[in-house]
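A.B. asks: after the sequence you'll find the predicted model.
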There are 4 protein chains.
Amino acid sequence: MNSENFTLSEKIVSASYVRQGCQARRSHEQLIRLLLEQGKCPEEGWSESTVELFLNELAVMDSNNFLSNCGVGEREGRVASSLVARRHYRLIHGIGRSGDIAAVQPKAAGSSLLNKLTNSVVLDIIKLTGVRSAASCFVVPMATGMSLTLCFLTLRHRRPKARYIIWPRIDQKSCFKAMITAGFEPVVVENVLEGDELRTDLEAVERKIEELGAENVLCVHSTTSCFAPRVPDRLEELATICAKHSIPHIVNNAYGVQSSKCMHLIQQGARVGRIDAFVQSLDKNFMVPVGGAIIAGFDEAFIQEISRMYPGRASASPSLDVLITLLTLGARGYKKLVSERKEMYLLLAQELKSLASAHGERLLHTPHNPISLAMSLDGLQAEDDKAVTQLGSMLFTRQVSGARVIPLGKEQVVSGHTFRGFMSHSETYPCPYLNAASAVGITREDVTLCIKRLDKCLKTLKKELNAAKSSSAVPPPSQEDTTPRETNATQD
Amino acid sequence: MNSENFTLSEKIVSASYVRQGCQARRSHEQLIRLLLEQGKCPEEGWSESTVELFLNELAVMDSNNFLSNCGVGEREGRVASSLVARRHYRLIHGIGRSGDIAAVQPKAAGSSLLNKLTNSVVLDIIKLTGVRSAASCFVVPMATGMSLTLCFLTLRHRRPKARYIIWPRIDQKSCFKAMITAGFEPVVVENVLEGDELRTDLEAVERKIEELGAENVLCVHSTTSCFAPRVPDRLEELATICAKHSIPHIVNNAYGVQSSKCMHLIQQGARVGRIDAFVQSLDKNFMVPVGGAIIAGFDEAFIQEISRMYPGRASASPSLDVLITLLTLGARGYKKLVSERKEMYLLLAQELKSLASAHGERLLHTPHNPISLAMSLDGLQAEDDKAVTQLGSMLFTRQVSGARVIPLGKEQVVSGHTFRGFMSHSETYPCPYLNAASAVGITREDVTLCIKRLDKCLKTLKKELNAAKSSSAVPPPSQEDTTPRETNATQD
Amino acid sequence: MNSENFTLSEKIVSASYVRQGCQARRSHEQLIRLLLEQGKCPEEGWSESTVELFLNELAVMDSNNFLSNCGVGEREGRVASSLVARRHYRLIHGIGRSGDIAAVQPKAAGSSLLNKLTNSVVLDIIKLTGVRSAASCFVVPMATGMSLTLCFLTLRHRRPKARYIIWPRIDQKSCFKAMITAGFEPVVVENVLEGDELRTDLEAVERKIEELGAENVLCVHSTTSCFAPRVPDRLEELATICAKHSIPHIVNNAYGVQSSKCMHLIQQGARVGRIDAFVQSLDKNFMVPVGGAIIAGFDEAFIQEISRMYPGRASASPSLDVLITLLTLGARGYKKLVSERKEMYLLLAQELKSLASAHGERLLHTPHNPISLAMSLDGLQAEDDKAVTQLGSMLFTRQVSGARVIPLGKEQVVSGHTFRGFMSHSETYPCPYLNAASAVGITREDVTLCIKRLDKCLKTLKKELNAAKSSSAVPPPSQEDTTPRETNATQD
Amino acid sequence: MNSENFTLSEKIVSASYVRQGCQARRSHEQLIRLLLEQGKCPEEGWSESTVELFLNELAVMDSNNFLSNCGVGEREGRVASSLVARRHYRLIHGIGRSGDIAAVQPKAAGSSLLNKLTNSVVLDIIKLTGVRSAASCFVVPMATGMSLTLCFLTLRHRRPKARYIIWPRIDQKSCFKAMITAGFEPVVVENVLEGDELRTDLEAVERKIEELGAENVLCVHSTTSCFAPRVPDRLEELATICAKHSIPHIVNNAYGVQSSKCMHLIQQGARVGRIDAFVQSLDKNFMVPVGGAIIAGFDEAFIQEISRMYPGRASASPSLDVLITLLTLGARGYKKLVSERKEMYLLLAQELKSLASAHGERLLHTPHNPISLAMSLDGLQAEDDKAVTQLGSMLFTRQVSGARVIPLGKEQVVSGHTFRGFMSHSETYPCPYLNAASAVGITREDVTLCIKRLDKCLKTLKKELNAAKSSSAVPPPSQEDTTPRETNATQD
């Protein structure tokens, strides 16, 4: 309420009480002022009532909520269902304009503010979590993969001759398809095995560049967050190579914001060499629904160039989700989540290690991967070829989600390219294994339940295998455990 | 509740009352059954309580809502903010898988159902509104422009040599940029003036094909819904040309679902010639928030090919919005909206005609455009060069949204291409004009208010101009009316 | 947002767009200003966004939402469940203080405003609907019956000797119990039959007063809205009698606000005689959930005396519901509902009349009852004693709610008092009948469906009866129709 | 969804995923089954999604949500505003029938279940928190005070001759007014001072009974939870006296459920003597909005008699709130809240003690009061007469809510009765003091902030007083601290 309305209220209820209410309102407005002024994630999270007050304020600034608007355009922000209007806080106009997804809309000052502030708050978090020299970013309502595609399409205009993208192998479909969809030919560089870890083959990358000719290479497309035993790419060295050959460098940082290690790699890469853009998922890093990504970089002009490539307005829904989430958590809340994740990573590692050794297996030694862990399944494989896959089904049925089993020697064709040893990031990884990850939001209960159920599954499975052996027949897997063979969650 | 719980309830309150409650529940379930069985938009709209019951049912099927789930993956559908969880009805996993935006997710049976049903219900509506032989469609959480880009990128894999897209000119940035972003060279075909209408120059199209060589043409990119005095492209003839030359044909049907004429054009085009895909906006046709589109076509395999091009999972938000909306409206409700729109079009035309003649202008004769109308502004232009632009500002300030003024002779460079007479779809349209459209959801009050304010603005403006003339000076426009020169809403 | 925040916003998005947003906000605030200034129901209903904006503004004024409040009292408005907080718009402190339900709370300026404004808006509606000289009223979160009890308890302090309440009979439990609960002895005055109507026996009332002595009579307790063939009491005459004998007069106007006739009776009664308070239900008149009432009167001091009798704070929930509803409807919307109700009354009367004559029955002639109608069931009764009751069960099963069947000769003891002919408001009404009412919110579909189903039930029933007769046996009622014998909804 | 719909879903998305979704649904239903079967508060709290699923299930059982209902009654559960419908989960019919607030409604099986289950769950909590032999209870949507009134009104029918209620003094208006409103004469028994504590004067009680004659005494009305230095009444002894004289005994247990001590007193009282009913506030014990109470007792018949005294249906809103809250918290959650409260009580006592001694005051020794504490303000009073009151205003202005200051010698007339030393529960308490309480939901931050601000206020005040003294003038209190003299929150 404005001051006039407060004055009127004083006549209805006691002036001193109203004055206190008015003062209370100011404390909410003060928080909003700080946000508008600094464009940063507030240190302390806002209460839900401040958040909703703010969103309501934004909504009344959009023309579809003007009390005396009349609309004779083809897009007026009309909403047929009140359920729909309500769930979007009556912010209907989306973000951006036909020319630029980051542009301001004349019809929608509130939605435009939402868009600008979200990008600004998200940039603040990216800096806080480690990429201190990031210069610009924007939220785009597309998957990480499609966002990578948009980066590649933008680069095409800068490098019209280039046809290849150099890509240290990571077995995840959408980042591979991102290159295919953009119309480029991925040049897959196999990883090298160092101990248990699969790491970037830097020499092979450089060899490929020379072989193809730098001018024919659109960019190097590297990856941070990934499933163990693959580890984040050697970003510093790759960035240096890119700088040396004047080749753009796009980093797939899918769920890396939650890991200071991944963020540090990007910061360092940009410092010593060249990183043009890095792309991260909203849902995986910020605990929001699937469907958004952040495209960030160190050169504001290039990031703007990408944002201008998106033809048309876009959904504000992912921006709204991440803004609500970050305002509610505050910087402190987000940092707390990130540090709890790290703690749970250590717990998960320790618990998996004990479990592994109890079952004659071992936790693979992958110190460079800060999120994902892998436990060998050699023994299981030795017993029966299909036992590894069956373990996956059993875990799915028992509501252990996200645990992936990786059998040996799977071959798969993705968009015309044949991957041998698919899912293991390597043509010939030495052993089958099981993955488990400590991602943001994981709880102690997730870890202990997972370990308990995994333990039980392994015991049941071995008993069945032994029973089958003694009856010299293949064990007929219990009905419920057979169906969904590919429990294996895939990224993005 | 299941039957066991109903039986228990009978012990607490009277059995006959519970039995009636149980029967009432069945009538909701019966509606859901019909939807699951037929995959069609229900004839009668559902009550909000049925809609929410259904969404809650879907949500409990997703793993993030399993009561005893434990998650050790990198994407577990966790949500940090309860505001966010609630506004998505706890459907967090989005739609699709990394390989295919239409694919089913193991972790999210409910979201997968949502996705499949939405596509199915939307296809039903597309058939009902006129494209009876449509074979397949899917909702994609991207703007119409970006969705067109996805179509072009898909075609690239079928026609690797092709570099050009033939495009009958329509002055709207995002469909033009859709081609640029996809990496193709738009070949702009100027329209021909027939009476007041700007129509497709079929001969020029055919000439261009021959000139460039059919194999070098990725596709013809035509348009239905557009601002008068441009009218929908001659789809039948274009489709025939495409068939003849074996060139794909993509139709931008942005807000054409609401018009039986546009839908009929597509149906006819596909019958007599070739249309590969047609793309329409969700928000403009279904009164939902900005950010989604429908890609539809007549060959299921090709539409699937497009859906497999989207790398990664995607936001379910636009699908959710359109599903809620269509279930709430029912087929009958949607058809009613469409017929009311048509009625308002006639009213708007009539009112504009009267107004125009009162001000010495005329309603341009554009019978082929079923949505948008244009009124000449010759007189205004004659008075003062800037008067046309000023009228736009005045309307904006008076909360008339969507009314665009088109001055003569504007030149604009978009992505390197220079458009003369920009916004008028023609290098030399004979007169400046004002656009108004009757889009779905428009009310009688929108029309009357718009006419009233427009009348007032014209009068005020003329008075000012006269006053200025008599004082032999350019009129200093009143402060408030100067600022936003480009009221002109642009499509998408 | 305050002006400082708007200024900051102008730096982020275009100043002219923000300025328009700011102006749009003012138009919401202008509506709130009018409400605060005049305390009247707005003529035009508010949009949901204005309503929610206003409620949010109220909530931030309550201490439980102060950002830096610390609470060390025993009642701090803390809420354990966010579902609960949200559904009350975070208005937690209820209304009133221990001393007075209409008092202002120091801790809750917002809730206090809500309370004051609700009472003020409701008073405005009471005046608009016909009781133009009403001086004061307040919403109390109790049923009509309990609210009547509160009135009687207040009167006890004025008339400590009085033990009797004179009450023209109406067969509805809660208004009878209201007197019992308050500790008084109801003196039941039987109605007189005039044509088909049951009307107040004025002579008997006066006789009773003389018999008992005016000083021993707490008050006369009369009724407006009731089931036909009873009609509203003769308020003018009763009020005159009360004035003459200096006896207070409390009117049970349960669902009479929706009827101009009932309201007119009260207005007239107060004009020519004495009415101390009249009580009406919130849910039945304003389409809100059950649980609130309005106590109104013509002497502000007496109404305040009642409000001071409620010991303790009270739920704000009914006040919130009715405020939201009236702001959303506006005076115009409420008047429209009321006039539609009247129209449906005429339709229902006409349809029932046709139906009755088709079945050899008749619509009872009760022109003084503006809401409820009755159709004789003589023929049914003649066929079989239990047929009337069975009709009630059949209607219940077929989801015709609110239609009551009244068999002859039912006797019931309520709180020690024996009512012969219970439910018919008379010891010996001439015929059994069925009631149907046209209450606010009724739709044409309600009427037509009810008539259709009633017709079908009557036909089925007669067929069964005939079949039974020809087989000279009592018809075994079909299983489903036997259970809930007392479909008969009772008031309040 | 029922099994048929699950089967249909299997055709749309993979059968194994649907099967898992179906199984997940069963786990929600299993929780609901336990609730229906046992009628107890679940040990572990439910997720919000289970709660909402359950409420939706209840709502579809009410006739206002039947898809093919037609209504011709005067109360059909219609709702004009969708905001209102939504916030009540479409449960519109309230609770009870005209005859009995605990009765089942034919039109509303869902609301009836809600009512029965709430009462059952609440009874479970009352037993768990200490009154193990409680036999029955019901939630009533009225303040504690009005609920006490209802108890007294019920007793009137059992003891028609009785005119007096014996009431050990507690200075809180609504429980006093509860007796006045019911039409009885409160016989105030002054407390005795034992150390710092004010305790029940048992001899005076017995004396009064003999003086008035047991048959003229309606009941003894005692109190548990109260502000220090008053402590809970000696319930065991009072109950014994009541049993001996066959006098009913009603206990005001306003916020005592949160204290095992208060609950233990009731349990013991009932064991050794007579307690007919005990009444507690919903909001103060269960962190829900103001407006409901629980009437409980040891004799089911008597409690039912009370519930039958409420004339009319009642608001379901308080029942809904407490049910949502208890299902969400679970028994474990509630017990945790209660034990945290106890912990904070100890912290608050310790902090107040330190603070008091730092300012030359002392924490009054009131070990029998488990919730409220008092700190003397002798020094302040000595400085200046008005300083104590001013401290109250200062705390209010600084958003310390709930801290009450009690000056000496205040006299107040409540409903005709003069209380000397009002607010201090005694005509002559030795010193002025400040109250602070540790009530359920209090946080560590509440305590530390309160202590900090109180410390600051005391320092400021003393400085001002000294300054004033040295300038030999009364200190002009700073403007902002003068206004609301009666910060003193009062109970209920």
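C.D. replies: Yep, that arrived. Numbers count the residues shown, from 1 in each chain, chains lettered A, B, ... in the order given.
A.B. asks: grab the longest helix from chain A for me.
C.D. replies: Taking DSSP state H as the criterion, chain A has its longest helix at helix A:317-358.
A.B. asks: so who does residue A:123 touch?
C.D. replies: Residue A:123 sits next to A:134, A:136-137, A:296 when contact means CB atoms under 8 Å, 6 or more residues apart in numbering or on different chains. In short, each C-beta sits where N, CA and C put it, glycine included.
A.B. asks: go again using 6 Å as the cut-off
C.D. replies: Neighbouring residues of residue A:123 by CB atoms under 6 Å, 6 or more residues apart in numbering or on different chains: residue A:137.
A.B. asks: which residues of the stretch 1-150 of chain A fall in helices?
C.D. replies: Listed in chain order, the helices of the stretch 1-150 of chain A (DSSP state H, counting those that start in this stretch) span residues A:3-12, A:15-38, A:48-60, A:82-87, A:109-128, A:144-158.
A.B. asks: so can I have CSV of these showing mean pLDDT?
C.D. replies: Below are the helices of the stretch 1-150 of chain A laid out as CSV (pLDDT from 0 to 100):
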stretch, mean pLDDT
helix A:3-12, 94
helix A:15-38, 95
helix A:48-60, 94
helix A:82-87, 96
helix A:109-128, 98
helix A:144-158, 97
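A.B. asks: need those in TSV (columns: distance to residue D:279).
C.D. replies: Formatted as TSV, the entries for those read as follows, by distance: least, CB to CB, whole Å:
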stretch	distance to residue D:279
helix A:3-12	33
helix A:15-38	29
helix A:48-60	32
helix A:82-87	39
helix A:109-128	49
helix A:144-158	59
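A.B. asks: what's the closest of those helices to residue D:427?
C.D. replies: For these, distance to residue D:427 was read as CB to CB. The smallest value, 30.8 Å, belongs to helix A:15-38.
A.B. asks: put the alpha carbons of that closest one into PDB.
C.D. replies: Output in PDB follows, covering the C-alpha atoms of helix A:15-38 (Å, rounded to 0.1, in the frame of the first residue of the first chain):
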ATOM      1  CA  ALA A  15      -2.400   4.700  14.100                       C
ATOM      2  CA  SER A  16       0.500   3.300  16.000                       C
ATOM      3  CA  TYR A  17      -0.300  -0.300  14.900                       C
ATOM      4  CA  VAL A  18      -0.600   0.800  11.300                       C
ATOM      5  CA  ARG A  19       2.600   2.700  11.500                       C
ATOM      6  CA  GLN A  20       4.300  -0.400  12.700                       C
ATOM      7  CA  GLY A  21       2.800  -2.300   9.800                       C
ATOM      8  CA  CYS A  22       4.000   0.300   7.400                       C
ATOM      9  CA  GLN A  23       7.500   0.000   8.800                       C
ATOM     10  CA  ALA A  24       7.300  -3.700   8.400                       C
ATOM     11  CA  ARG A  25       6.400  -3.300   4.800                       C
ATOM     12  CA  ARG A  26       9.400  -1.100   4.400                       C
ATOM     13  CA  SER A  27      11.700  -3.900   5.600                       C
ATOM     14  CA  HIS A  28      10.400  -6.100   2.700                       C
ATOM     15  CA  GLU A  29      10.900  -3.200   0.300                       C
ATOM     16  CA  GLN A  30      14.400  -2.700   1.600                       C
ATOM     17  CA  LEU A  31      15.300  -6.200   0.600                       C
ATOM     18  CA  ILE A  32      13.800  -5.600  -2.900                       C
ATOM     19  CA  ARG A  33      15.700  -2.400  -3.100                       C
ATOM     20  CA  LEU A  34      19.000  -4.100  -2.400                       C
ATOM     21  CA  LEU A  35      18.200  -6.700  -5.100                       C
ATOM     22  CA  LEU A  36      17.400  -4.000  -7.700                       C
ATOM     23  CA  GLU A  37      20.400  -1.900  -6.700                       C
ATOM     24  CA  GLN A  38      23.000  -4.600  -6.600                       C
END
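A.B. asks: quick one: closest of the helices of the stretch 1-150 of chain A to residue C:5.
C.D. replies: The minimum distance between residue C:5 and the helices of the stretch 1-150 of chain A falls on helix A:15-38, with 5.5 Å, by CB to CB.
A.B. asks: which strands or helices does that closest one pack on?
C.D. replies: With contacts defined as 3 or more CB pairs under 6 Å, 6 or more residues apart in numbering or on different chains; DSSP states H and E, the secondary structure elements packing on helix A:15-38 are helix A:3-12, helix A:48-60, helix C:3-12, helix C:48-60, helix C:109-128.
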